[in-house]
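In: just coords:
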Ligand SMILES: CCCCCCCCCCCCC/C=C/C(=O)SCCNC(=O)CCNC(=O)[C@H](O)C(C)(C)COP(=O)(O)OP(=O)(O)OC[C@H]1O[C@@H](n2cnc3c(N)ncnc32)[C@H](O)[C@@H]1OP(=O)(O)O
């Protein structure tokens, strides 16, 4: 509000003072403007409206120049688009990212950008919200000059040089908005956006607003923009997306149950890293590290795997180099078939087959080969980090670094601390994650950590629903309509049914050829095992008949409640156990690692929006119907939160109080 008031007062003064011949608008400390303060959005917005004063800038009879350094995003770029000229530093980033916050650029962005750069380019920028470089902005035509020197000085010089020149063609509101074949264009774009948006309303509303720029005169288009913004501004999706924006930053300020924190633990410098194992995960991890400029030693002891792995890594790096317009020689990867090659690295990431005995041996060997202060990390997706640590001479230097496939693409990294992991080891892994562009979340050590632990009840419910009569398609359709890119069954098919089968075997749950539906004292569905054993895909009907199960009609409400609420319930247990520091950590893991739709904020945020009492009631209802399913038993924390009046999510920590490690 204070910035808006400052802009209004100063612009009015500058425009009306006859002694002022031209005006330059710049930001402080090398940043033009990151846009509206998102924290103001939840409340009643105070301070003056900006659009009228922005129009006063455009209609001024003296040149107004934006000097853009750092960022010009959202309302910041919209302000610049009202200026007559835009001079930009080469390192600046520009964009209209409102769609990522569940909004649209409502200070004229949807009406003015298409007039300046054409409808197709504006549609791309506004519906994706992507940031562009100054060079791309120049090419697209929404900045006038890109410079490497002092931007404000250059803008002042320029502003003085154009005093007295006609400003007619510089007023974007007066430009036409031509769009040949508009109907076909918008129909095609709308279809594409709907498909990509998976239920998010903001991208679709952005398209409607841009369409108004084509079909309506400027003033009416501006009014339509306001009306459409009003439908988004207080929406649940906007709240969820803005929660995600802040949560992504909250999780970087990690803490451990011991009290160790991000701001009191200093990471160790890391320049040279080793990756052990060149399977799918090892390849992706090697590429991610090399792309971030680290020197990587990739070790694989099996010759065929080494040949295939080396080729795959080289291909990926070659493509990355082409995209960046550099030679692939900038990437430093050395390959070796001997473990001794890791002797001088500062950090090792083990990515061998998911087998505890194999990993135990490897950690023992690494502990004797590596320097005493080398950090030893495991990419295991579920195994006990503390047990691996106990194989080494420095257990405090062992942490989990759980990547998600494909590791050079997926944004999530779970950094797993065991009870003995030193804060510095966690700080180093978190810092490395940040350096390679990951959203890193620090979590405690338990079976499956956070993400996979919560996936267990979710996947079991999906299978139980099929036992009871739902087809895999019905389950997947409900989950995909909710916003997941893939339902449980499609996801399992893609990642390989044998992956889960191997985990269940290791847990002693698989009894080949046996149909028993109770294992280890609880309900179990052997369908997945039977599929793997027999290689069959049309199994459920015959299976139900053999088991004497009577099929019933299952609707998408039940699919969602049973799959999602049981996953959420496990999330509450994770919070109770101190495995995750807060609900934001769980939510970012699900948004960045498991395809949870971002516009629904993550499972814990979703629970808070549905209403904790409703989640509790539904769990109680299903638990009565299925008393042999322990994961439907509502967690203590959920009950405690409901009996504390279901506080908003940012106040859950007060109810959780002192977290403790279960181990
Ligand atoms: C002068 C014009 C103002 C416009 C005012 C408009 C008033 C509203 C009426 C009209 C409505 C028009 C519609 C306009 C809507 C918008 O403008 S929505 C906002 C659009 N902008 C963004 O989405 C930018 C978001 N921020 C970023 O992308 C990045 O933060 C950055 C700016 C590129 C900087 O990145 P980096 O250097 O990596 O720092 P970070 O760690 O990300 O951020 C530092 C801290 O700043 C907080 N923060 C950043 N942006 C905002 C923001 N827009 N609002 C509130 N807070 C923000 C961020 O949370 C960090 O905080 P801490 O975690 O506490 O350190």
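Out: It's in. Only a predicted model underlies this, so the values are computations on that prediction, with no experimental measurement involved. Residues are numbered from 1 along each chain as shown.
In: Please identify which helix or strand holds residue 248.
Out: When elements are defined using DSSP states H and E, residue 248 is found to belong to helix 236-250.
In: can you tell if that helix touches the ligand?
Out: Yes - counting by CB under 6 Å from any ligand atom, the ligand has neighbours in helix 236-250: 246, 249. C-beta coordinates here come from the backbone N, C-alpha and C atoms, glycine included.
In: Who are the packing partners of that helix?
Out: The elements that helix 236-250 packs onto, with contact taken as 3 or more CB pairs under 8 Å, 6 or more residues apart in numbering; DSSP states H and E, are helix 202-215, helix 583-593, helix 603-610.
In: any idea which of those is most buried?
Out: Each of these was scored by mean neighbour count; the highest is helix 583-593, a mean of 27, by mean count of other CB atoms under 10 Å.
In: Now tell me what touches that one from outside.
Out: Residues outside helix 583-593 that contact it (CB atoms under 8 Å, 6 or more residues apart in numbering) are 243-244, 246-248, 250-251, 404, 410-412, 414, 439, 441-443, 450-451, 454, 571, 574-575, 580, 596, 598, 601-605, 608, 649, 652.
In: Type out the ChimeraX command that picks the buried ones from those residues.
Out: Listed next is the ChimeraX selection for buried residues among those, using 16 or more other CB atoms under 10 Å:
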select :243,244,247,248,250,251,404,410,412,414,439,441,442,443,450,451,454,571,574,575,580,596,598,601,602,603,604,605,608,649,652
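In: count of neighbours near whatever residue of the stretch 201-350 of the chain ends up closest to the ligand?
Out: The shortest separation between the stretch 201-350 of the chain and the ligand is 3.7 Å, found at residue 249 (distances taken as CB to the nearest ligand atom). Using other CB atoms under 10 Å, residue 249 has 11 neighbouring residues.
In: With the one 5 residues further on instead?
Out: Neighbourhood size, residue 254 [other CB under 10 Å]: 23.
In: For residue 648, which non-adjacent residue is closest in space?
Out: Beyond its immediate neighbours in the sequence, the residue positioned closest to residue 648 (CB to CB, 6 or more residues apart in numbering) is residue 608, lying 6.8 Å away.
In: Next up, the contacts around that neighbour.
Out: Residue 608 neighbours (CB under 8 Å, 6+ apart): 583, 646, 648, 649.
In: Could you find which two of those residues are furthest from each other?
Out: Based on CB to CB, the longest span within those runs between 583 and 646 and measures 13.1 Å.
In: What strand or helix carries the closest residue to the ligand within the stretch 401-550 of the chain?
Out: Of all residues in the stretch 401-550 of the chain, residue 434 sits closest to the ligand, with a separation of 10.3 Å (CB to the nearest ligand atom). For residue 434, the enclosing helix or strand under DSSP H and E is helix 423-435.
In: and the helix or strand following that helix with helix 583-593, angle?
Out: Counting by DSSP H and E, the element after helix 423-435 in chain order, helix or strand, is strand 439-444. Interaxial angle of strand 439-444 relative to helix 583-593 (axes from the mean of the first three to the mean of the last three CA atoms, to 10 degrees): 130 degrees.
In: Whichever helix or strand comes after strand 439-444 vs helix 583-593, what angle?
Out: Following the chain from strand 439-444 toward its C-terminal end, the next helix or strand by DSSP H and E is helix 451-468. Regarding helix 451-468 and helix 583-593, their directions subtend 70 degrees when assessed with the same axes, to 10 degrees.
In: what angle do the helix or strand just after helix 451-468 and helix 603-610 make?
Out: As assigned by DSSP H and E, the chain's next helix or strand after helix 451-468 is helix 472-482. Here helix 472-482 points in a direction 80 degrees away from that of helix 603-610 (the same axes, to 10 degrees).
In: all helices of the stretch 301-450 of the chain, in order?
Out: In the stretch 301-450 of the chain, helices defined by DSSP state H, counting those that start in this stretch lie at 303-324, 356-369, 385-389, 423-435, listed in chain order.
In: What residues does the stretch 351-500 of the chain have near the ligand?
Out: On the criterion CB under 6 Å from any ligand atom, the ligand has no neighbours in the stretch 351-500 of the chain.
In: ok, and for the helix or strand harbouring residue 572, which residues are buried?
Out: Under the criterion of DSSP H and E, residue 572 resides in helix 556-576. Residues 558-576 are the ones in helix 556-576 that count as buried (16+ other CB under 10 Å).
In: Check stretch 308-328 too.
Out: Burial within stretch 308-328, assessed by neighbour count using 16+ other CB under 10 Å, is assigned to 309, 310, 312, 313, 316, 317, 320, 321, 328.
In: ok now the host helix or strand of residue 185, how far from the chain's centre?
Out: Residue 185 is part of helix 182-197, with elements assigned from DSSP H and E. Centroid separation between helix 182-197 and its chain, computed with CA atoms, centre = their mean, to the nearest Å, is 24 Å.
In: what residues are up against residue 2?
Out: residue 47.
In: Now do it, the pLDDT please.
Out: Predicted confidence (pLDDT) for residue 2: 90.
In: Start at 107, not 1
Out: Sure, I'll start counting at 107 from here, so that last one is residue 108.
In: ok, back up a step: what is the spatially closest residue to the residue of the stretch 507-656 of the chain closest to the ligand that is not a sequence neighbour paired to in the beta sheet?
Out: With CB to CB, 6+ apart as the criterion, residue 540 has its nearest non-adjacent residue at 6.2 Å, and that residue is residue 546. Beta-bridge partners recorded for residue 546 (DSSP bridges): residue 519.
In: Any figure for the gap between residue 546 and residue 692?
Out: Using CB to CB, to the nearest Å, one obtains 14 Å as the distance from residue 546 to residue 692.
In: picking that back up, would you indicate which residues of the helix holding residue 291 are buried?
Out: Residues 291, 292, 295, 296, 299, 303 are the ones in helix 288-303 that count as buried (16+ other CB under 10 Å).
In: wait, which of those residues is closest to residue 388?
Out: Nearest to residue 388 among the buried residues of helix 288-303 is residue 303, at 34.2 Å by CB to CB.
In: which residues sit in contact with the closest one?
Out: Residue 303 makes contacts with 309, 310, as judged by CB under 8 Å, 6+ apart.
In: what helix or strand does residue 185 sit in?
Out: Of the helices and strands defined by DSSP H and E, residue 185 is found in helix 181-188.
In: That helix vs the ligand: in contact?
Out: Yes - contact of helix 181-188 with the ligand (CB under 6 Å from any ligand atom) involves 181, 182, 185.
In: which among those residues gets closest to the ligand?
Out: Top of the list for closeness to the ligand, among the residues of helix 181-188 next to the ligand and by CB to the nearest ligand atom, is residue 181 at 2.6 Å.
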